[in-house]
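Trainee: A structural model of the following input is requested.
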Amino acid sequence: MIVKNWMRKNPETISSDLSAKEAMHIFEEKKVPFMAVVDDNKFRGLLARRDLREAASWAISTQDIYEVQFFNERLKVKDIMVRKPVTLSVNDTVEDAIHKGKQFGRSFLPVMDGDRLVGTLSNRDFTRALSQLLGEDEGLHGVSIELNEDPKMTIRKILEDIFMMGLEIKGLFTLKDPDTRKDRLIIRFQAKCFKRIVSMIEEKGYKLVEVIKHENKG
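Mentor: This next block holds a predicted model:
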């Protein structure tokens, strides 16, 4: 998985010469936690809504009219933004992005193509990708099958059995159980007879760790 295929393109940007007060209005309007700072198509840094709010709170807490006036009129985006933030390359892998996020404690990373900002990747995007993977919008059912050490119970064997049940498989991946560390085969599928499918899987002797039935809320 390459960053350029998962990043959010054409990200919201802000000028470094805007006042902090103007920037706060933009953040409230866009409802985003971060914005890239760009001047004349050149990436300058990163601004967090949290940092703006902290600056505003500090000015108000001083109860000094001059500090409040300074925040409203003279404090600029360039005075608060993070210069030279951690970035990604369009050719980095998503695994690289996750590693950098953990290493530097970042939930939002600008994506660069050379010295040009071309996108962003954030925890929101990972959540969106997970939602797609689980088929949330498609209304998919799901089962998780524990994989033991029996060589006869391979993923191929399980899939052969399941295909015979008439499932339309939409998603397939493996994860380790956080407690037992045993592998689980996660399957997302469409089927008209959900209960019958679950019963047939159990009759095959497979251990179902999770059974998720999509409820139509429309």
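Trainee: and the next element down the chain from the helix or strand of the chain with the lowest mean pLDDT?
Mentor: Every helix and strand in the chain was compared by mean pLDDT, DSSP states H and E; the lowest is helix 65-73, with a mean of 66. Proceeding N to C from helix 65-73, the next assigned helix or strand is helix 77-80, under DSSP states H and E.
Trainee: And that next one, what does it pack against?
Mentor: helix 20-30, strand 42-48, helix 49-61 (3 or more C-beta pairs under 8 Å, 6 or more residues apart in numbering; DSSP states H and E). (Glycine included, C-beta is placed from N, CA and C.)
Trainee: Tell me who's in contact with residue 79.
Mentor: By C-beta atoms under 8 Å, 6 or more residues apart in numbering, the contact list for residue 79 reads residue 20.
Trainee: Residue 34 too?
Mentor: Residue 34 makes contacts with 46, 47, 48, 49, 108, 120, 122, as judged by C-beta under 8 Å, 6+ apart.
Trainee: What is the nearest of those residues to residue 128?
Mentor: Distance to residue 128, by C-beta to C-beta, is smallest for residue 122 among the contacts of residue 34, at 9.5 Å.
Trainee: picking that back up, can you tell me which of the helices and strands packed on helix 77-80 is most buried?
Mentor: strand 42-48 (a mean of 20; mean count of other C-beta atoms under 10 Å).
Trainee: Can you check what angle separates that strand from helix 20-30?
Mentor: Relative orientation of strand 42-48 and helix 20-30, computed by axes from the mean of the first three to the mean of the last three C-alpha atoms, to 10 degrees: 80 degrees.
Trainee: where exactly do the strands run in the protein?
Mentor: 8-9, 13-14, 34-39, 42-48, 82-83, 88-89, 108-113, 116-122, 141-146, 168-176, 183-190, 208-212 (DSSP state E).
Trainee: Now render those as CSV, adding distance to residue 156 and mean pLDDT.
Mentor: Putting those into CSV (distance: least, C-beta to C-beta, whole Å; pLDDT from 0 to 100) gives the following:
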stretch, distance to residue 156, mean pLDDT
strand 8-9, 37, 90
strand 13-14, 48, 94
strand 34-39, 44, 94
strand 42-48, 46, 93
strand 82-83, 49, 92
strand 88-89, 36, 94
strand 108-113, 37, 93
strand 116-122, 34, 92
strand 141-146, 13, 89
strand 168-176, 12, 86
strand 183-190, 11, 88
strand 208-212, 19, 89
